[in-house]
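J.: below: sequence and its predicted model.
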Amino acid sequence: MSPHFTATPFMGKTVGVTVSHLNKQYGRNVVLTDISFEVKPGEIFCIMGPSGSGKSVLLKQIAGLESPTSGEVSLGEFAASDPATRDRVRLALVFQAGALFNSLSVYDNLALFPREHRLGSEATIRERVRHALAILSLEGAEKKFPSELSGGMKKRVAIARALVMEPQLLLYDEPTSELDPVMSATLTEIIATLREQTAVTSIVVTHDRDLAFSIADRMAFLMEGKLRGVGRPGDFKNPSDPKIANFLNPVIDLKNPRFKQMEHSHE
Amino acid sequence: MRYLNNIIGHIGGTVLLIFRSLAFAGTLPRQFARFMDQCYLIGYTTLPIVTILSFFIGSVLALQSGYSLENFGTKQFIGTLVGLTMARELGPVMVAILLAGRVGSAITAELASMRVYQEVDALVTMNIPPERMLVLPRLAAVVCMMPVLALIANICGWYGGALVCQYTHFISVDSEAYFNALKAYMKPRDIVDGLIKAEVFGFVIVAVCCYIGLDTRGGPREIGASVTKAVVASLILILVLDYFVTKGLLMS
């Protein structure tokens, strides 16, 4: 599939994101510690890190789904945790598992946002939905229900649903996880082309090296809840930080496997 | 102490959910399709079981009271006893218990599953308040459907009692005498009080089940745990509220 996009009209300007001194803990479990970075409007910013490093939690703070324990996340000039911000900044989040509404067809999943916000007549909404479906090569899937879709199709429907929203900020949570290499490459192309055509600010949480290095304007490494580095992809081609180097280029050593080393370190 | 704190927290959360949902009451006309869906689920799909159970509850009530009243020579009041008991107590309570078990559990399972699989988070990011889309239509539907269900339960119970009185040899009170006794001592107020009780029970059950569903965190196991919690909480609340609402209505 080669994506052919036509520019979609945006309701407002794209927004930047500022995260300053963000801390998040659940009870006594500290998940994020003193995270600060800035994402410029129109940028593709990738947040990389191993599983369990707090990437998805960070994304939830940016999306305003959770409030930080301390520190602040701003979308443009508005606090992300303030519910009123959702009336001012239109953001879309592509969830890792799609989070499609299982009781609704693909068409109704996409039409939900414009219908609920009364963005035009049913004919206008139909046009908008069909346009988003065409962008992601999902023609013919309108009447299907999420349970009838493959993992790759669910992700594409989730992106199409985000597109229908015409967002100012687009957040992706592990968009290529559980996908085959071809589908991963396709989604990577889609994310880059969407930004190119619509100038939407995109934050991509991923541990997919290929995706991050091929489309990111800038990237950040999150490890054990702390930010290890922020920079351009070129800055991390030969990283000086051993943890980042180990994450990006893990060496498979069958004679001295990692899990054995972990066992020894626990003894 | 921690347990008490949890209970107070849940009560506060449910009350807050009710107010947040009612704040969107103005959007109800354009949510008419969702409202009708919920009316179908709460009203129409519950109707067969309400009809059957209330018929047999009325029958058993007549049977038991016929057996007891015969000793006092007051069989002619069976109609009054069945009529009043069904209208004021058993009709609304039984419909509420059925609602908790059948509809309340389904509501909690659906909302808990939406929460666990991030559909509720998706709604929030789309700036669609879950209270507006998921809770308000259910509350509105239960308010409309509960009196209807309770009234049907009353009527089925009365007729169940009449049938038993007519055809049970040791009672032998014919239908005409049964309904004359029922009408003679029952006031419209008795029926209205029962409908008010049904309304209160239904509203509280749906609010509690919605709250517990939306408050679910974790995975599939927690969905099951939430359903159990919602049904148990609803049953306890029905019986506790029954006492207070009945007392309030009798004193008013």
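T.: Right, received. Where do you want to start? Numbering: from 1, shown residues only, chains lettered A, B, ... in the order given.

J.: surely A:M219 forms part of a helix?
T.: No - assessed with DSSP: H, G, I helix; E, B strand; the rest coil, A:M219 is strand; it does not lie in a helix.

J.: and it, how close does it get to B:C144?
T.: 55 Å (CB to CB, to the nearest Å). (Glycine included, C-beta is placed from N, CA and C.)

J.: between those two, who's got more neighbours?
T.: A:M219 (22 against 16; other CB atoms under 10 Å in any protein chain shown).

J.: setting aside sequence neighbours, what's the nearest residue to the more buried one?
T.: Once flanking residues are discounted, A:M219 sits nearest to A:C46: 4.3 Å by CB to CB, 6 or more residues apart in numbering or on different chains.

J.: any idea how far the one you found is from A:S240?
T.: Taking CB to CB, one finds A:C46 at 19 Å from A:S240.

J.: chain B contacts on the stretch 51-200 of chain A?
T.: A:60, A:63-65, A:86-87, A:90-93, A:95, A:97, A:99-102, A:112-113, A:116-117, A:165 (CB under 8 Å from any CB of the partner chain).

J.: can you turn the buried part of those residues into a ChimeraX selection?
T.: To isolate in ChimeraX the members of these that are buried, counting by 16 or more other CB atoms under 10 Å in any protein chain shown, one can use:
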select /A:60,63,64,65,86,90,91,92,93,95,99,100,101,112,113,116,165
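
J.: of the residues of the stretch 51-200 of chain A next to chain B, which belong to strands?
T.: A:L91, A:A92, A:L93 (DSSP state E).

J.: contacts only, for the residue nearest in space to the middle of chain A.
T.: Relative to the mean C-alpha position of chain A, the nearest C-alpha, by CA atoms, centre = their mean, is the one of A:Y172, at 1.3 Å. Counting by CB atoms under 8 Å, 6 or more residues apart in numbering or on different chains, A:Y172 touches A:L93, A:V94, A:I191, A:S202, A:I203, A:V204, A:V205, A:T206.

J.: let's see 6 Å
T.: Residues near A:Y172 by CB atoms under 6 Å, 6 or more residues apart in numbering or on different chains: A:V94, A:V204.

J.: tell me the secondary structure at the one residue in the stretch 151-252 of chain B that gets nearest to chain A.
T.: The stretch 151-252 of chain B approaches chain A most closely through B:R217 (10.5 Å), counting by CB to the nearest CB. Three-state call for B:R217 (three-state DSSP): coil.

J.: residue boundaries of the strands in chain A?
T.: Secondary structure of chain A (DSSP E): strands located at A:17-26, A:29-39, A:44-48, A:70-75, A:78-79, A:91-94, A:169-173, A:201-206, A:218-223, A:226-231.

J.: reformat these as TSV; add distance to B:L195 and mean pLDDT.
T.: Converted to TSV, the strands of chain A look like this (distance: least, CB to CB, whole Å; pLDDT from 0 to 100):
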stretch	distance to B:L195	mean pLDDT
strand A:17-26	46	94
strand A:29-39	50	94
strand A:44-48	57	95
strand A:70-75	49	94
strand A:78-79	47	92
strand A:91-94	45	93
strand A:169-173	49	94
strand A:201-206	53	94
strand A:218-223	58	94
strand A:226-231	61	92
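
J.: got a markdown table for those strands, with distance to B:M126 too?
T.: Listed next are the strands of chain A as a markdown table, based on distance: least, CB to CB, whole Å:
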| stretch | distance to B:M126 |
| --- | --- |
| strand A:17-26 | 19 |
| strand A:29-39 | 21 |
| strand A:44-48 | 22 |
| strand A:70-75 | 15 |
| strand A:78-79 | 17 |
| strand A:91-94 | 8 |
| strand A:169-173 | 13 |
| strand A:201-206 | 17 |
| strand A:218-223 | 26 |
| strand A:226-231 | 29 |
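
J.: which one's more surrounded, A:C46 and A:S240?
T.: Between A:C46 and A:S240, A:C46 has the larger neighbour count (other CB under 10 Å), namely 26 against 9.

J.: ok, now which ones touch that one?
T.: A:V204, A:A212, A:A216, A:M219.

J.: list the buried residues for stretch B:27-36?
T.: B:Q31, B:R34, B:F35.

J.: around chain A, pick out the residues from chain B.
T.: Residues of chain B found near chain A (CB under 6 Å from any CB of the partner chain) are B:Q118, B:E119, B:D121, B:A122, B:T125, B:M126, B:N127, B:I128.

J.: the fourth one touches A:L100, doesn't it?
T.: No - taking contacts as CB atoms under 6 Å, B:A122 lies outside contact range of A:L100: 7.9 Å.

J.: bridged to the residue nearest to the centre of chain A, which residues?
T.: A:V94, A:V204 (DSSP bridges).

J.: and B:T74, how many neighbours?
T.: Using other CB under 10 Å, B:T74 has 13 other residues around it.

J.: quick one: the helices in the stretch 151-267 of chain A, in order.
T.: A:151-164, A:181-198, A:209-215, A:242-248, A:258-266 (DSSP state H, counting those that start in this stretch).

J.: report all helices and strands that the first one contacts.
T.: Taking 3 or more CB pairs under 6 Å, 6 or more residues apart in numbering or on different chains; DSSP states H and E as contact, the helices and strands that helix A:151-164 lies on are strand A:91-94, helix A:106-116, helix A:122-135.

J.: A:S74: how many residues sit nearby?
T.: Other residues near A:S74 come to 20 when the count uses other CB under 10 Å.

J.: which phi and psi does A:L149 have?
T.: phi -100, psi 150 (degrees, to the nearest 10).

J.: contacts for stretch A:143-157, please.
T.: With CB under 6 Å, 6+ apart as the test, stretch A:143-157 has contacts from A:G98, A:L100, A:N102, A:S105, A:V106, A:L136, A:L138, A:E178, A:L179, A:M183.

J.: tell me the average confidence for that stretch?
T.: Averaged across stretch A:143-157, pLDDT comes to 91.

J.: next: stretch B:51-58.
T.: Throughout stretch B:51-58, pLDDT has a mean value of 96.

J.: can you check stretch B:88-98 too?
T.: 95.

J.: so the closest residue to B:R102 other than its chain neighbours versus chain A, what's the distance?
T.: Spatial nearest neighbour of B:R102, excluding adjacent residues (CB to CB, 6+ apart): B:T46 at 5.8 Å. Distance of B:T46 to chain A, computed by CB to the nearest CB, to the nearest Å: 20 Å.

J.: burial count for B:L241?
T.: 18.

J.: helix, strand or coil for it?
T.: helix.

J.: that older thread, wait, which of the contacts of A:C46 is closest to chain B?
T.: Of those, the one sitting nearest to chain B (CB to the nearest CB) turns out to be A:V204, at 15.8 Å.

J.: and the closest one, how close does it get to B:R102?
T.: Taken as CB to CB, the span from A:V204 to B:R102 is 45 Å.

J.: check what pLDDT the residue nearest to A:K60 when sequence neighbours are not counted gets.
T.: Closest residue to A:K60 apart from its sequence neighbours, by CB to CB, 6+ apart: A:E66 at 4.6 Å. With respect to pLDDT, A:E66 scores 93.

J.: again, but for A:F259
T.: Note on A:F259: pLDDT of 69.

J.: with the one 4 residues further on instead?
T.: A:E263 carries a pLDDT score of 66 in this model.

J.: and the residue of the stretch 151-267 of chain A closest to chain B?
T.: A:M165 (6.7 Å).

J.: now the helices: where do they sit in the stretch 51-200 of chain B?
T.: Using DSSP H, counting those that start in this stretch, helices in the stretch 51-200 of chain B cover B:78-85, B:91-98, B:105-116, B:119-125, B:130, B:136-167, B:175-185, B:188-214.

J.: returning to that earlier point: got the residues of chain B next to chain A as JSON lines, with neighbour count columns?
T.: As requested, those are arranged in JSON lines below (neighbours: other CB atoms under 10 Å in any protein chain shown):
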{"residue": "B:Q118", "neighbour count": "20"}
{"residue": "B:E119", "neighbour count": "24"}
{"residue": "B:D121", "neighbour count": "19"}
{"residue": "B:A122", "neighbour count": "27"}
{"residue": "B:T125", "neighbour count": "25"}
{"residue": "B:M126", "neighbour count": "23"}
{"residue": "B:N127", "neighbour count": "17"}
{"residue": "B:I128", "neighbour count": "19"}
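
J.: many thanks, I have nothing further to ask.
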